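Participant: Just to be clear, the model below is a prediction. Sequence and coordinates:
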Amino acid sequence: MNFNNRVGFTAMILILEVCALTIVSAPARAEIFGTVHGIVHDPQHRPVQDAMVDLKAKRSDWVRHQKTNDNGEFEFSAVPLGEYTVTVALASFQQAQQDVIVGSGTNPVLHFQLALATVTANTVVSGEPVTATMDSVTPVTLLNRQDVQETPGASRTNSLAIITDYVPGAYITHDQLHIRGGHQTSWLVDGVPVPNTNIASNLGPQLDPKDFDYMEVNRGSYGAEFGDRTYGVFNLVPRTGFERNNEAELVLSGGSFYQTNAQLSFGSHTERFAYYASVNGNRSDLGLQPPVPEVVHDAENGYGGFGSLIFNVDPSNQLRLVTSLRKDYYQIPYDPSPNDIENAPTAENGGVAQYPSIGLRDGQHEADAFVNFSWVHTFNPKTLLTISPLYHYNSANFDSSPNDVPIASTDHRSSTYVGGQIALNTNFAKNDIQAGLYGFYQRDNDLFGAIFNDGSGNPSFTDPEHPSGSVAAFFLDDKFKPFSWLTLSAGIRPTHFSGGFGETAISPRFGVAVNIPRLNWTFRAFYGHYYQAPPLVTVSGPLLTFCSANSCGFTELHGERDEEYQFGVAIPYRGWTVDVDNFKTNARNFFDHSCIGSGACIPITISQAIIRGWELTLRSPRIARRGQIHVAYSNQIAEGALPITGGLTDFSPPTSLFPLDHDQRNTLNFGGEVTLPWRSFVSTNVYYGSGFSNAFPDAPYPGDHLPQHTSFDLSLGKDFSDRFSASLHALNVANRRVDLDNSQTFGGFHWNNPRELYVELRYRFHY
């Protein structure tokens, strides 16, 4: 949001260049388990008893076995989300097989009709592959580790291409991931939330994309069990070692801007135990989106480690442990030309420098560590209990050179979380019920400081703060299926926030999904409320005194309250899946950040935001066993209105709706992958954006939005043997450089990254 031109925010500029806080919200709660039901009949449609049923993961050795009961039924509970093959075998019948996709909290039902065996044994594929669950009101995008490996640029340590290339309305602007008009997304690992207060200030993602097996992206219409961040929930299933047998993999890469992304991982499993561990390191001279076409003072480097353990105590009890550690450093780029519109008071910008960054030499250190533990207890095939304590630490320390002009600022913040969740899932009659508790205690340590080198005579100061708070939530949700083609859902989620003040909200949610027989089209509709707890922001001492002297003040931030409407349709056809949805989100106390100058990302709330749009996704099956395509399109409007209702404010009067800085009306990604002869492949992605909102209309770009932009990415890969493979990646092949964002956000203006070329090598070996 650009406050200089829209609301006369000039009285706060010095303050805003000192502070950087972040947004706190009750993270989503979800789990990674579903249930697979089925029934087996003979050619006369009589139930088949004692048939052997195998449920096997497509991309690992994870497998379960079961026999059908007297009614020909089988049921696998506590199945992690992912892609599976179900095989049914019995003497005197031909073996039958179906593919199924399991999402978190879903219950797909399969029907097998066995054919009598002939002289030559055959495997019969029963019906069309199940491509998605047809009883959910939530639009979902499911991605796997092969997508990461083949999508251009997606396997790099700090890349979010696996999200932006496949999820409609998802893009990077001012170095932050945005989806559906907001940046308050939730990350869950192994179904356990990772509470994070660094949404507005952290620059790097918490996990290396090479460490996850599946990613389930949920876009709105969440049940009560999925928490309160309406804009997006990323549910990651980590690699477990079930895909390996005492096998290690070494990944090395190198390319333009002296970049490298290296990882060494190990994994193996037995029937009861599986483990996976990795270490990684990365560096590049191109870290953040630069403010000008040149790349200056923009290096980044980092390292990290990841581990996953699974132990099956007995058939009813499983223990799961996931842990991660990351450290990153980023130089903050600046504009080196004194005559550019950012640095000079030119006629184009009304005689006022838009963003004078030439005198800044800033950098940011980040650290992140979490430990999630889960005990999964199966009472019976229909009832599952999960107890998950959690710990998370995150920090972002921004530092300036003491000689920075006009202000050398310091902004150190670290956050520690301790909490957990308890979830009970049960299925009886025609009901699927989820109930549980989620909560955490949080403590922050903040340090703000400023040295004024602008000749103003303002005294230097430091302001330490130690806010603390907690979030507690209860959820109850029920999916009721009175008929096989109708699913009704209803839930409620009371949430209590405790910090400098207390706040309670009760969030009801309702949904309906109707499946049209034979066509198998699913129409869905949803209405619900969400409450997102406020940031832990406190301002006192010299910072508050300085703010008051500059005609501004501090108002406590209260929680964001969202109202969401959504309807859509999912259309599967012979392995193709088309999903179209329309949504509208009305927000009060909308969380945003005013970022003016390097290192200044201020959490604020504005009185209103309205985000509306429609989305389309398309995913094909393997075409001629060679290729697969994907499309993600979003037409979206994101608007907000003042006054500022929380955070540092100059008490500006109300305004009408205006485009938020991440408002981009049309976003399209089109890509595909083709398997070539000689064990090789080619993949590509074309990204089109109609242009983000223009912070300075008509200067120098005409209109309310910046120019449209398109980029083309390409990957070529080859397996030279079962152990060794290589791939070449080219990002922004045409090297088209455009101004993506000219609002005064972290690091200043942002241009899209220049062309990048790099080679990635993978070597697998046994130990």
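Facilitator: Looks like it arrived, so ask away.
Participant: Low-confidence ranges, the stretch 51-200 of the chain, go.
Facilitator: Residue ranges of the stretch 51-200 of the chain with pLDDT under 70: 105, 118-134, 200.
Participant: quick one: the strands in it?
Facilitator: 52-57, 63-67, 73-80, 82-89, 95-102, 109-113, 123-125, 140-144, 170-173, 176-179, 186-189, 192-193 (DSSP state E, counting those that start in this stretch).
Participant: Can you tell me which of those strands is most buried?
Facilitator: Greatest average neighbour count among the strands of the stretch 51-200 of the chain goes to strand 192-193 (a mean of 30), per mean count of other C-beta atoms under 10 Å. Where C-beta positions appear, they are placed from N, C-alpha and C, glycine not excepted.
Participant: helices or strands next to whichever helix or strand comes after that strand in the packing?
Facilitator: Following strand 192-193 in sequence order, the next helix or strand is strand 212-218 (DSSP states H and E). Secondary-structure packing of strand 212-218 (3 or more C-beta pairs under 8 Å, 6 or more residues apart in numbering; DSSP states H and E): strand 82-89, strand 140-144, helix 145-150, helix 161-164, strand 233-238.
Participant: Distance to residue 489 added to those, as a markdown table?
Facilitator: As requested, the helices and strands packed on strand 212-218 are arranged in a markdown table below (distance: least, C-beta to C-beta, whole Å):
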| stretch | distance to residue 489 |
| --- | --- |
| strand 82-89 | 23 |
| strand 140-144 | 15 |
| helix 145-150 | 29 |
| helix 161-164 | 26 |
| strand 233-238 | 16 |
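Participant: For residue 310, give me its contacts.
Facilitator: Going by C-beta atoms under 8 Å, 6 or more residues apart in numbering, residue 310 touches 240, 241, 242, 273, 274, 275, 318, 319, 320, 321.
Participant: looking at the helices and strands packed on strand 212-218, which is closest to residue 581?
Facilitator: Closest to residue 581 of these is strand 140-144 (C-beta to C-beta; 10.8 Å).
Participant: what lines up beside that closest one in the sheet?
Facilitator: Next to strand 140-144 in the sheet, as set by DSSP bridges, lie strand 212-218 (antiparallel).
Participant: Mind checking the pLDDT average for the partner strand?
Facilitator: In this model, strand 212-218 has an average pLDDT of 91.
Participant: now swap in stretch 544-560 and tell me
Facilitator: Mean per-residue pLDDT for stretch 544-560: 78.
Participant: got the contact list for that stretch?
Facilitator: 11-12, 14-15, 25, 184, 458, 461, 497, 500-501, 503, 505, 530-535, 537, 539, 587-591, 603-605, 644-651.
Participant: what about it, start to end distance?
Facilitator: 24 Å (C-alpha to C-alpha, to the nearest Å).
Participant: Give me the buried stretch members for it, please.
Facilitator: 544, 546, 547, 552, 554, 555, 556, 557, 558, 559, 560 (16 or more other C-beta atoms under 10 Å).
Participant: Include distance to residue 475 when you put the strands of the stretch 51-200 of the chain into a markdown table, please.
Facilitator: Listed next are the strands of the stretch 51-200 of the chain as a markdown table, based on distance: least, C-beta to C-beta, whole Å:
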| stretch | distance to residue 475 |
| --- | --- |
| strand 52-57 | 28 |
| strand 63-67 | 28 |
| strand 73-80 | 19 |
| strand 82-89 | 24 |
| strand 95-102 | 21 |
| strand 109-113 | 25 |
| strand 123-125 | 39 |
| strand 140-144 | 19 |
| strand 170-173 | 26 |
| strand 176-179 | 22 |
| strand 186-189 | 14 |
| strand 192-193 | 12 |
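Participant: Compare those and give me the one nearest residue 427.
Facilitator: Closest among the strands of the stretch 51-200 of the chain, using C-beta to C-beta: strand 73-80, at 8.7 Å.
Participant: What is the distance between that closest one and the centre of its chain?
Facilitator: Relative to the chain's own centre, strand 73-80 is displaced by 27 Å; criterion: C-alpha atoms, centre = their mean, to the nearest Å.
Participant: in the stretch 551-700 of the chain, which segments are predicted with low confidence?
Facilitator: For the stretch 551-700 of the chain, the stretches flagged by pLDDT under 70 are 595-601.
Participant: all strands of it, in order?
Facilitator: Along the stretch 551-700 of the chain, the segments classed as strands by DSSP E, counting those that start in this stretch run 553-555, 560-573, 576-595, 601-619, 627-649, 658-659, 666-676, 680-689.
Participant: Just send these back as a markdown table, with distance to residue 34 too.
Facilitator: Shown next, in a markdown table, are those (distance: least, C-beta to C-beta, whole Å):
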| stretch | distance to residue 34 |
| --- | --- |
| strand 553-555 | 44 |
| strand 560-573 | 17 |
| strand 576-595 | 18 |
| strand 601-619 | 19 |
| strand 627-649 | 23 |
| strand 658-659 | 40 |
| strand 666-676 | 27 |
| strand 680-689 | 29 |
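Participant: returning to that earlier point: filter the contacts of stretch 544-560 to the buried ones?
Facilitator: Buried, going by 16+ other C-beta under 10 Å: 12, 14-15, 25, 184, 461, 497, 505, 530-535, 537, 539, 587-591, 603-605, 644-650, out of the contacts of stretch 544-560.
Participant: picking that back up, residue 304: which of the strands of the stretch 551-700 of the chain is closest?
Facilitator: strand 601-619 (23.2 Å).
Participant: Skipping adjacent residues, who's closest to the residue nearest the centre of the chain in space?
Facilitator: The centre of the chain sits closest to residue 234, judged by C-alpha atoms, centre = their mean, with a distance of 4.1 Å. Spatial nearest neighbour of residue 234, chain neighbours left out: residue 187 (5.1 Å); criterion: C-beta to C-beta, 6 or more residues apart in numbering.
Participant: ok, of the contacts of residue 310, which one's closest to residue 765?
Facilitator: residue 241 (15.5 Å).
Participant: Can you pull the phi and psi angles for the closest one?
Facilitator: Main-chain torsions, residue 241, degrees, to the nearest 10: phi 100, psi -10.
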